[in-house]
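Student: With the input below, show me the fold.
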Amino acid sequence: MQAIQPINDIKIDLSLPVLKTPMTRDAFVSQFHTAQQAMFPNQPLPRQRQLKFNDCTVSVKYFRDFINGKELSAINPTEDLLDEFLDNLTEIKGNNKHRYCQSLCNNIRNLINHFPSDILNRPLVNAQRMRYLNRHSHCSSKTKQFLDDFLKDGRKLNRKRLRDGKVLSNKCLAPRLREFLVWAASMFLKATGKACLLDVTPKDAEVFIRFYEARGRRDLAIAYLADLQPIFMNLIGKGWRDSNPIEAYNERQPTKVDDDFIMPETMEISRDLSSVNFKDFSDVRDRMLTFALYYDFCIRNGESALLKITDIVRDGGFVGITLEPEIQKGQNKPTVTLYNCFDESRRLIQAYVDLRAKMLAGHQVDAFLLSAKGTPLGETGCREAVKKHCDRLGIKTRKGNTPYPHCLRHTFATINIDRIGLCLTPYYIQGRLRHADLATTIRIYVQNNPLLAKQNHIANVQRARELHDNHGINQPSASLEFNHNESVNDIVMLETEAVRMVRPLGITAKSLRDYAEPKGIIEKKSGHYFYSRSFIQDLSRNWLTKQQVMKKLRFGRSRFCVWAKTRGIEPVIIGRVSLVKATDVIEELKK
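Tutor: Numbering: from 1, shown residues only. Model (predicted):
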């Protein structure tokens, strides 16, 4: 099996100098001008590229003053020298200009990395890359070797390991998951004061929990220990360890459903395009991000940052976004194309594409989402743009929080499912959100949906009043009816949940299905069986078995048959279970 290459798999030896030979100050500054011409070859430049060119010129001026002040005879730049330059700029400009100073420092780094190859020995790296390269500096040589191997070939656990004895399967974990697990293992060793994974004991897990418990995050520590199970199982599978020291924390805590979303009436503020300045690039981009990408198309923040301009598809009156497998969450996902549900999304994307082309003025940039300077926006930039736009429009969630990108995706499914909003089915919502399991969609957006619960309550009250007005309250049991009017019925439930609710009555899945299929009260879609929620709830709450009735009324079998016949009660038979309506038993007890 071919191993998957991990993310950031570029080896840089930080012990090497950046330049092959040190340079004088004048020669070093002259190389800046050469690199600047290499970065911006075409003259005259478009407006955004000209601004970037001017920023580089300002950066060179500040850096020249900085190295003149240090009175260095020979210069060979290092990451520490750039950190000093950043501190010097921040002291001059003030702390409120820290991000601007970081931008100037990044310009110097990019210019140095554009020096000719006969001068440059290795590239300068930024602080994030430096942390990545030094992430294993506190680990032993054996741990470094194992973590490097795990990044390339970290395996999934074998589900049949108790039967065939093999701990690991032949399938690799997802690349991003391997990156996260290596980071978590390094963090675990730092918190416990250990340098080698082979020396970890069960007591170290307790030390790790106390470390987070002191910060009020005990639940996070237990979640990390549950996530680290593949690391230690890979150690066992490759013969590095004999036992798993954190096996006691194998069960991850159940994930809490996020029930915060934007109310429909508040979402209409973002849908109203009369407040959009269609000549302002940033305003159009932020509204397009907020309403079109995150709300209408339900795209994740990480996916939006990786979108390319070629992924936008125009098809008549609709606009589509193609999501390739490599940018989607999870593995083995197919290529999908999502189309807009609202016409406002089409208008926003069309306006943004036009303004984007006008800003670039023929310069080619693959990234779809760009900043005002023409550079890729990135995940953090998208998140900040949504936050800033929602604050300006006064958009808040129902709990009073500022929306974030994933909250908009969650809002679309919450306010447009079943009988609310666009009245979309759970199957469509599953495909829109690209959930692997339909049960996940139903659990989050049907069973824990406060708007749908209110609609169901109204439907139940309406149905109860209709039954009271048309038929009266006390009716003898004859048969279990299923109302095919969708406005009256509750939403459907999965067969597994239905069987769990009727299990106290002794009804099996097969007998329930055999009873429901001839009556047309069961539906099969995508390989799953669904029952009406009202039918199952009525069955579990309002019906008793024959044995339960005989025990409550203290009847024998023959007396029960006489009682049922004289009252005109016909027990409902489901499999081997005879059911009687609870109201009939209550009336008999009142006598």
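Student: Same question for residue 530, what's its three-state structure.
Tutor: Residue 530 falls in the strand class when you classify it by DSSP: H, G, I helix; E, B strand; the rest coil.
Student: So the nearest residue to it once chain neighbours are set aside versus residue 529, what's the distance?
Tutor: Nearest residue to residue 530 in three dimensions, chain neighbours excluded: residue 492, at 3.9 Å (CB to CB, 6 or more residues apart in numbering). (C-beta placed from N, C-alpha, C; glycine too.) Using CB to CB, to the nearest Å, residue 492 is found at 10 Å from residue 529.
Student: Contact partners for residue 365?
Tutor: Contact partners of residue 365, counting by CB atoms under 8 Å, 6 or more residues apart in numbering, are 309, 374, 376.
Student: and what of residue 192?
Tutor: Taking CB under 8 Å, 6+ apart as the test, what residue 192 contacts is 200, 204, 207-208, 211.
Student: Tell me which two of those residues sit farthest apart.
Tutor: Among the contacts of residue 192, the pair separated by the greatest distance (CB to CB) is 200 and 211, at 14.0 Å.
Student: If we go by neighbour counts, what in stretch 64-80 is buried?
Tutor: Applying a neighbour-count criterion of 16 or more other CB atoms under 10 Å, one finds 66-67, 75, 77 buried in stretch 64-80.
Student: gap between it and the chain center?
Tutor: Its chain's C-alpha centre and that of stretch 64-80 lie 45 Å apart, by CA atoms, centre = their mean, to the nearest Å.
Student: Could you tell me the end-to-end distance of that stretch?
Tutor: 17 Å (CA to CA, to the nearest Å).
Student: Buried by neighbour count: which residues of stretch 412-429 qualify?
Tutor: Buried, per 16+ other CB under 10 Å, within stretch 412-429: 412-418, 420-421, 424, 426, 428-429.
Student: and residue 295, how many neighbours?
Tutor: By other CB atoms under 10 Å, 27 other residues sit near residue 295.
Student: Next one: the closest residue to it other than its chain neighbours, what pLDDT does it get?
Tutor: Nearest residue to residue 295, sequence neighbours excluded (CB to CB, 6+ apart): residue 408, at 4.3 Å. Predicted confidence (pLDDT) for residue 408: 94.
Student: quick one: which helix or strand includes residue 408?
Tutor: Using DSSP states H and E, residue 408 sits within helix 405-415.
Student: list the helices and strands that helix packs on?
Tutor: Counting contacts by 3 or more CB pairs under 8 Å, 6 or more residues apart in numbering; DSSP states H and E, helix 405-415 packs against helix 264-271, helix 301-305, helix 378-393, helix 426-433, helix 438-445.
Student: Would you map the strands across the stretch 151-300 of the chain?
Tutor: With DSSP state E, counting those that start in this stretch, the ranges of strands along the stretch 151-300 of the chain come out as 155-157, 168-172.
Student: Output the ones you listed in CSV; the columns should cover mean neighbour count, mean pLDDT and distance to residue 575.
Tutor: CSV is the format used below for those (neighbours: other CB atoms under 10 Å; pLDDT from 0 to 100; distance: least, CB to CB, whole Å):
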stretch, mean neighbour count, mean pLDDT, distance to residue 575
strand 155-157, 17, 86, 39
strand 168-172, 14, 86, 40
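Student: As a markdown table, those with distance to residue 231 would be great.
Tutor: Listed next are the strands of the stretch 151-300 of the chain as a markdown table, based on distance: least, CB to CB, whole Å:
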| stretch | distance to residue 231 |
| --- | --- |
| strand 155-157 | 11 |
| strand 168-172 | 12 |
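Student: Indicate which one of those strands is closest to residue 102.
Tutor: Judged by CB to CB, the one of the strands of the stretch 151-300 of the chain that comes nearest to residue 102 is strand 168-172, at 36.4 Å.
Student: who does that closest one pair up with?
Tutor: Using DSSP bridges, the strands paired with strand 168-172 in its sheet are strand 155-157 (antiparallel).
Student: Residue ranges in the stretch 301-450 of the chain under the pLDDT threshold?
Tutor: The stretch 301-450 of the chain contains no residues with pLDDT under 70.
Student: on that earlier part again, looking at the buried residues of stretch 64-80, which are in strands?
Tutor: Using DSSP state E, no member of those falls within strands.
Student: Residue 105: which of the residues you listed is nearest?
Tutor: With CB to CB as the yardstick, the closest approach to residue 105 among the buried residues of stretch 64-80 comes from residue 66, at 10.4 Å.
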